[in-house]
Structure formats: C-alpha cells, structure tokens
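1. only geometry, no sequence info:
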C-alpha cells in the first residue's frame, strides 16, 4: 500500500495521497468522509518541503495565490471530472454558486438540463480539497452550502482568500 503524507496546515492537519507522482487526494484528517484507505494500512509520512504540493500549500497558507498548480490525478466519472475541472477555473478569492457550476457543466456536456443538486453532489466528492477549490462554491442565496472539511473551515478558507495582505484568519 502506498504511503500517505501529512501536512500541518493552519486550517488543520491534511492527509495527502499520490498516484504516479501526481496528487490524487487531499483531505482534512478529521473530516467525515475521509476515505477508509487513509485510516488503515500504509505509512503516514511528513510531506517533504521540496515537493510541489508542499510549496503550493505553503504559498497558499501565506496568503498568496499560487500561479501554478501541482500535477493532479483526478479519478472519477466524466460528469465528476467535468465538475472538478470547472472548480479549477474559479479564480482565487471568488465564488460560484452550485447553479452556476451546473449551468457550465450542462453547456460543456451538451446536456438539455443539469440540476444544481447533481453538481453539488459531484462538488462534495472532490478528492483534492483546497487545490481543487470546492470551498469556493456557495448556495444561490450566498449561504455556504456544505463542505466535507466542515463549514467553519469553508468560511475560514473563503475569508483567508479575501484577507488583505495575506493576513492569517486561522487559529
């Protein structure tokens, strides 16, 4: 079994997995839907500072908007992949509603219609939180909606991205 790596973020400990050198999973270690394989077997090692993912996370938590992304391995259905690719297009510090995500997916997939609930379900199954920014998706009325890492963290991540001068909002 491949090892899992740990990153001590100011938002809470992160558990990371890789596939062929690309990031395939990034979860908060205490989130409800942490994949079972991260809880059993496999070593848990500190994430090396020199790895792209570590450098990206360091920059992000310093309040920077990393202009690059570490290599990702996203494994999912064509629908989920379409949703996750739209998440990657949401600019740092901005938000999109579940309905807007659904409309973009509908257009991309050439579907007659697409529900915000279906898009929300795929958003909730995003295996690479923060870097694939599912925290930037909110309800139509501006409410936070859901977040696998917890609504408090979602709110903190959104505030972190809008903070002036990279001010830390965690703690």
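-> Thanks, I have the structure now. Small disclaimer: the values here were computed from a predicted structure and weren't measured.

2. list of residues touching the lowest-mean-pLDDT helix or strand in the chain?
-> Of all helical and strand segments in the chain, the minimum by mean pLDDT, DSSP states H and E falls on strand 44-46, at a mean of 73. The contact list for strand 44-46 (CB atoms under 8 Å, 6 or more residues apart in numbering) reads 3, 4, 5, 6, 7, 15. C-beta coordinates here come from the backbone N, C-alpha and C atoms, glycine included.

3. those in helices, which ones?
-> Residues of the contacts of strand 44-46 located in helices (DSSP state H): none.

4. in this structure, where is pLDDT below threshold?
-> For the chain, the stretches with pLDDT under 70 are 1, 36, 38-43, 164-171.

5. try it again at 80.
-> The model of the chain has pLDDT under 80 over residues 1-3, 32-50, 142, 163-171.

6. need the contact list for the most centrally placed residue in it.
-> The residue lying closest to the centre of the chain (CA atoms, centre = their mean) is residue 129, at 1.9 Å. Residues in contact with residue 129 (CB under 8 Å, 6+ apart) are 26, 27, 28, 135, 148, 149.

7. tell me the contacts of the residue of the chain positioned farthest from its centre?
-> In terms of distance from the mean C-alpha position of the chain, residue 112 ranks first, at 28.0 Å (CA atoms, centre = their mean). Residues near residue 112 by CB under 8 Å, 6+ apart: residue 106.

8. tell me where the chain has strands.
-> 4-9, 12-19, 22-28, 44-46, 96-97, 137-138 (DSSP state E).

9. how about CSV for those strands, with distance to residue 57 and mean neighbour count added?
-> Output for these, formatted as CSV (distance: least, CB to CB, whole Å; neighbours: other CB atoms under 10 Å):
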stretch, distance to residue 57, mean neighbour count
strand 4-9, 6, 18
strand 12-19, 7, 18
strand 22-28, 9, 21
strand 44-46, 13, 11
strand 96-97, 22, 20
strand 137-138, 20, 23
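
10. any chance of those in CSV, with distance to residue 71 too?
-> CSV is the format used below for the strands of the chain (distance: least, CB to CB, whole Å):
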stretch, distance to residue 71
strand 4-9, 15
strand 12-19, 9
strand 22-28, 4
strand 44-46, 19
strand 96-97, 24
strand 137-138, 23
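
11. compare the ones you listed and give me the one nearest residue 68.
-> When the strands of the chain are compared by CB to CB, strand 22-28 sits nearest residue 68, at 12.9 Å.

12. that's all I had, so thanks and see you.
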